[in-house]
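[1] sequence and predicted structure below; questions after.
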Amino acid sequence: MCVVIAAPAVRAAMGYHLCCMISRLPAPGARLFVPEHFVCEDYNAQVTRYKLPRKGWGKSFVYCNPLWAWRRFREIAAMRPDLLHLFNSEGYPSSYWWIRWARTRLGIPTVVSVHDPEPHPGNPLSALLHRTGLKTIRQSLHVHIFSECFQPLCKQWGFREEQIFVIPLCTDVSNFTQYRFPEVPKENLALFFGRLEAYKGIPVLLDAAPYVRGRLRIAIAGPGRLPPSILQRIHAAPDLFELHNRFLHESEVSRLFHRASVCVMPYVQATQSSVPWVATAFGVPVVATATGGLAAQVEQCNGILVPPNNPQALAEGMLQAVGRHVVFPEAWDPCLIASQYQQMYQQILNSCEVAR
């Protein structure tokens, strides 16, 4: 069995997930087809890397260039795959061509892993990529999602039950936990960590802050552009907020989780996230809104769920979460998740053999 995993988008969280999964796949594992910046020190099997422009517009150009996509596809074909697995990034035009050509020119089955079955609100680029991504997904013979709650949506896309695979997210938390700061004391601190985007509910968190004044401070940490009105509110209340509005090294993230008493996720819409994994690894309880696949993740780690867009409920949840027992569920075992990928590959190939 030769499975080629093509993963054009492997920065940050999705890179952690891919490395966590691929390094634990049972032998003979799989072959990776990834951009040159992807590094997974625990994976020693075959990896084919391709060059990408450093500028964002340059990357967009090559992923929209059919000639570039065809040259990369020839590299995929040279690996003589029995199955092509497109890991995320279904919104790139090149991904659509790769899936189409794998079926029409190589005659092999395909599966697409879809991290965001629904586009996140407040992000026009996300909506545009979602429209392109739907064409790629529907071109595939199979689809993989990370949360059961999206199975009905997959059926709306035209997939039958046996064509849908649900395998949860996993994250290599050792990237963060390898940095330990025993000298850092625990504080009455609620930590929001991750890219700052519209759907993640920062305004709701700011509205909740006055309800916890004097009992909790709130740290907001991650890259992204905040509107001036939001920045003004944060800077106007230094007794309530601290802001780290930039990309943080894993050691800096570790230090923040050492300080935090609760991890807060006020999302107004969600699919699933690696943040509960990281928080749980540090023994920090999670409070989050009950939306998308995130809700099941929070329940599994014994976190607290609150309704979306409800600042008072969010504040009450943050206070209740402090000191709460944290559970790292067996279902999150990376070896178990890797074996589920292996089973998915085998099941797809077996079904195709029967069809022939």
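    Thanks, I have the structure now. Numbers count the residues shown, from 1 in each chain.
[2] please name the nearest non-neighbouring residue to residue 314.
    Nearest non-adjacent residue to residue 314, counting by CB to CB, 6 or more residues apart in numbering: residue 208, 4.3 Å away. In short, each C-beta sits where N, CA and C put it, glycine included.
[3] try residue 193
    Of all residues not flanking residue 193 in the chain, residue 221 sits nearest, at 5.1 Å (CB to CB, 6+ apart).
[4] isn't the residue nearest to residue 314 up against residue 311?
    Yes - between residue 208 and residue 311 there is a contact under CB atoms under 8 Å: 4.0 Å.
[5] who has more neighbours, these two?
    Taking neighbours as other CB atoms under 10 Å, residue 208 and residue 311 compare with residue 208 leading, 25 against 19.
[6] next one: the helix or strand containing the more buried one to chain centre, how far?
    Per DSSP states H and E: residue 208 is located in helix 202-208. Chain-centre distance of helix 202-208: 23 Å, with CA atoms, centre = their mean, to the nearest Å.
[7] next structured bit after the helix or strand residue 125 falls within?
    Secondary structure assignment for residue 125, by DSSP H and E: helix 124-139. Next helix or strand after helix 124-139 toward the C-terminus (DSSP H and E): strand 142-145.
[8] direction included, what does that following strand pair up with?
    strand 110-114 (parallel), strand 164-166 (parallel) (DSSP bridges).
[9] adding distance to residue 121, write those strands out as JSON lines.
    Converted to JSON lines, the strands paired with strand 142-145 look like this (distance: least, CB to CB, whole Å):
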{"stretch": "strand 110-114", "distance to residue 121": "18"}
{"stretch": "strand 164-166", "distance to residue 121": "24"}
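[10] closest one to residue 250 among the ones you listed?
    Closest approach to residue 250 among those is made by strand 110-114 (23.9 Å; CB to CB).
[11] where do the strands sit along the stretch 251-356 of the chain?
    In the stretch 251-356 of the chain, the strands defined using DSSP state E, counting those that start in this stretch lie at 262-265, 286-289, 304-306.
[12] and the lowest-mean-pLDDT helix or strand in the chain, what does it pack against?
    Least confident helix or strand, the chain: helix 56-63 with a mean of 83, by mean pLDDT, DSSP states H and E. When contacts are defined as 3 or more CB pairs under 8 Å, 6 or more residues apart in numbering; DSSP states H and E, helix 56-63 packs onto helix 93-104.
[13] list the buried residues of the helix it packs on.
    For helix 93-104, the neighbour count (16 or more other CB atoms under 10 Å) marks 93, 94, 95, 96, 97, 98, 99, 100, 101, 102, 103 as buried.
[14] now the helices for the stretch 201-350 of the chain?
    In the stretch 201-350 of the chain, the helices defined using DSSP state H, counting those that start in this stretch lie at 202-208, 228-235, 250-259, 275-281, 294-300, 311-321, 334-355.
[15] just name the most buried of the ones you listed.
    Compared across the helices of the stretch 201-350 of the chain, helix 275-281 shows the largest average neighbour count, a mean of 25 (mean count of other CB atoms under 10 Å).
[16] now the residue nearest to residue 314: how far from residue 106?
    52 Å (CB to CB, to the nearest Å).
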